[in-house]
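>>> dropping a prediction and its sequence here:
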Amino acid sequence: MKKTQRPRWLPSLQLFFRLALIASVVLVFYAIYLDGQITHRFSTSRYQAPALLYSQALNIEVNQPITRQRIVQELKALDYQVGRYARNSGEYQEQEQQLLLHRRAFDFPTHYAPAERVRLVFTTEGWLERIESWPNQQPLQSILLEPQFLGRFATDSGEDRLLVGLEQVPTLMREALILVEDREFYHHHGVRPAAIARAALANIMAGRTVQGGSTITQQLVKNMYLTHAQTYVRKVNEAIMALILDYRFAKDEILEAYFNEVYFGQDRGHAIHGVALASQFYFGKFVEDLNVAEIATIVGMIKGPSIYEPRRNPERSQERRDVVLRLMFEQDLISQTQYLAALDTTMRTRADKRLVQFNRPDFIDLVEKEVRQILPGRSWQETGLRVFTTFDPEQQRWLETAARDSESAKGLADIERAMLLTEHRSGAVRALVGGKNQVAGGFNRALAARRPIGSIIKPWVYAMALEHTEQFTLATMLDDSPTVVKDKYGEDWSPSNFDRKYRGPVTLYDSVINSYNVPMVRLGMELSPTVVRNRLQQSGITSFIHAWPSLFLGAVDMTLMDVATIYGALAAQGEAKSLYAVAAITTHRGELLYEHKPAVQPVFTPQAAWLTSFALEGAVNVGTAKGLAHLGPGLAGKTGSTNDLRDSWFVSYDANYVLTSWIGHDDNQPVGLTGSRGALPLAGEYWQRAGVAARSPLLPAEMYWTNISASTGIVVSANCNGTLRLPMVGLAPEQGVDCEGRLVELIEKPQDEPEERAKPWWKRIFGS
């Protein structure tokens, strides 16, 4: 029987089917592998989000002194625009003695503040008089502006985004995106074969890429997992991954991820991703607050962020915006009125081309240190952080000017310096300068430098003594004569005053304001070095402290943060507050992760702290810090210097802030400047700009004013020569001596006139 001959092409066909089967099996296993990879990554770590840092928000209150100039300055820093009648959020208008303001919405750690239109009315001198909602004119006690954007901690990927949920994205933006980018988004399975074929044919006919067939899901896959290389392998991977993503996850999850992932340009070295951060970057608004024209601009940019960037290419951007608006109108997403109004809207973006207006690396060093302690590791990148700090931009500007650009600063040449401004009522760090140049990740002297503090320690010891009201008052006579004590080695030590002179009996008040060494050591030895050391540690400072007699003259190393802590206790009625720079932390979606809880440690009686502060005001008026007497009443201060004039210190405070100033060399070489000639002038430059807020003139409870003889400390009549008017603790004496030494009845005038007491405290300080 004749054999049937097999067709010649059959082996080839069989080989083809075998190869196809092998390819199918490989493709299935590859798809399974991709499925595992994509599902895990999309579920657990879709993208990385940075930690965004914000300054302190300016709270404008009717009963607090604030000027129109200060408010306008803050609005400009926040990139508010002048707009007629302030119709849109982010606009303001000045009219004679009033200011119309349309405050932007902001999601604070504790509450969401919607956009609000208000009118602020000022006195003829420019002070805020009242706040009212507009146009219904209901009185308001305060209004909180949004904080300034301070900086960010970058992700490992170097991408910037502000994560939002799909519910936060305006419905109009969602519909416009689907209309422009993928009209069948809710009806396909991740890819559109017909669209891909149509785009491929158009590209072949044109000989180049002129049309894309990618769905929103494919675009998301490309942005999140693949390169942008135009290869067939990448396109195949993209299609397979898009099918997997569409199968595994809901359409709304994919759309939310797209809104957070899509690229919108560069802010210096940082890539801007997501519609939320793009809204902030280009318009200074939350995505929820964008108007129709701004939504069309954002959606139009997706096609080509560099081509349609509204700052660099406003004409192209507007043309693209108008195309999107036309599509929105034709598909009934917006009305004719909205369409015409949006077309007529001028292309307007934030004036500042950067998210961060000013670079503040010195302060950010402290914030980064605290964030690492609060949230160790890098897992926060999955949710992103919004870090709300205590940073005050206005105070920082004044402090930097004083430390780096003032005449006093220029006179220091290459001498290093550091300054730290803290709010003593709360412990908040408001401003910080870490060196003569910006630190930018280097050695931050305000945080890390531990230096001998010299005479800065003395007020702390005096405050401890003044707690013993039966033994010590400001009128107590101390002995300024040679003395010998045992030093740390058990050897004799004879302390001397800075000028090598001795004055015999001096009042405790004079010893404070003139910073005498010998009376300080004698007084300290009565208290004991161990007791003083323990009280310092009780305040919460971290530096090691020995219990030797030299401690009374400042032979101990401390950081500026330590010094600010102990002086904060003196300024805040004896309560030491832990210093902090991070007020609260939330995720990008507003979940509260951390809120600062003040840690208060009572270390002095209020009376002892008040008496010491009074004496330090005397040091500024007539003592070692009298170089700042011209600034007016209310400033307390203490100079300090160390052996061979290696360090120059000055600590000063008013009713609100403690300013700690230091100058010296990193290699510990002498600077040749005392505290009054080195650090004090820098502090003076700051206070000259910021102004001094005087303490209340009213004495605390259980205290009274009296006149004493500066030479004997005895209570005398007010009209005698050489008298000091000092505050005392206890009951006022009914008798004293007159100028001839005779016993007389004492009649004390009231502390304050009734009409003066009735005025608000800030009017007593600043005038009406």
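Yep, that arrived.

>>> from here on, just use CA atoms for contacts and neighbour counts.
Fine.

>>> so what's the residue count around residue 566?
Applying other CA atoms under 10 Å, we find 26 residues neighbouring residue 566.

>>> show the contacting residues for it.
By CA atoms under 8 Å, 6 or more residues apart in numbering, the contact list for residue 566 reads 460, 536, 539, 541, 576.

>>> next, it: secondary structure please.
With DSSP: H, G, I helix; E, B strand; the rest coil as the basis, residue 566 sits in helix.

>>> just checking, which of the contacts of residue 566 belong to strands?
residue 576 (DSSP state E).

>>> go through the contacts of residue 566 and name the one nearest residue 294.
residue 576 (49.6 Å; CA to CA).

>>> partners of the closest one in the sheet?
Note on residue 576: beta-bridge partners residue 601, judged by DSSP bridges.

>>> for it, what are its contacts?
When contacts are counted by CA under 8 Å, 6+ apart, residue 576 touches 539, 540, 565, 566, 568, 569, 600, 601, 602, 603.

>>> one step back: quick check on the contacts of residue 566: which are buried?
Neighbour counting with 16 or more other CA atoms under 10 Å marks 460, 536, 539, 541, 576 as buried within the contacts of residue 566.

>>> what's the most distant pair in those?
Taking CA to CA, the two most distant members of the buried ones among the contacts of residue 566 are 460 and 541; they sit 13.2 Å apart.

>>> and residue 686, how far from residue 563?
Distance, residue 686 to residue 563, using CA to CA, to the nearest Å: 18 Å.

>>> ranges for the helices of the stretch 651-768 of the chain?
679-690, 754-758, 761-766 (DSSP state H, counting those that start in this stretch).

>>> buried ones in the longest one?
So the one you mean is helix 679-690. Buried residues in helix 679-690, counted by 16+ other CA under 10 Å: 679, 680, 681, 682, 683, 684, 685, 686, 687.

>>> residue 60: which of the residues you listed is nearest?
Residue 60 lies nearest to residue 687 out of the buried residues of helix 679-690, by CA to CA, at 22.1 Å.

>>> list the single closest residue to that closest one in space, sequence neighbours excluded.
residue 631 (7.6 Å; CA to CA, 6 or more residues apart in numbering).

>>> re the thing from before, can you redo the buried residues of helix 679-690 as TSV with pLDDT and distance to residue 439?
Formatted as TSV, the buried residues of helix 679-690 follow (pLDDT from 0 to 100; distance: CA to CA, whole Å):
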residue	pLDDT	distance to residue 439
679	96	19
680	97	22
681	97	22
682	97	19
683	97	20
684	97	23
685	97	21
686	97	20
687	97	23
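
>>> just to revisit the earlier point, out of the contacts of residue 576, which is most surrounded?
Highest neighbour count within these: residue 568, with 28 neighbours (other CA under 10 Å).

>>> isn't that residue up against residue 428?
No - applying CA atoms under 8 Å as the test, residue 568 and residue 428 come out as separate, 10.5 Å apart.

>>> shared neighbours of these two, anything?
Shared contacts of residue 568 and residue 428 (CA under 8 Å, 6+ apart): residue 422.
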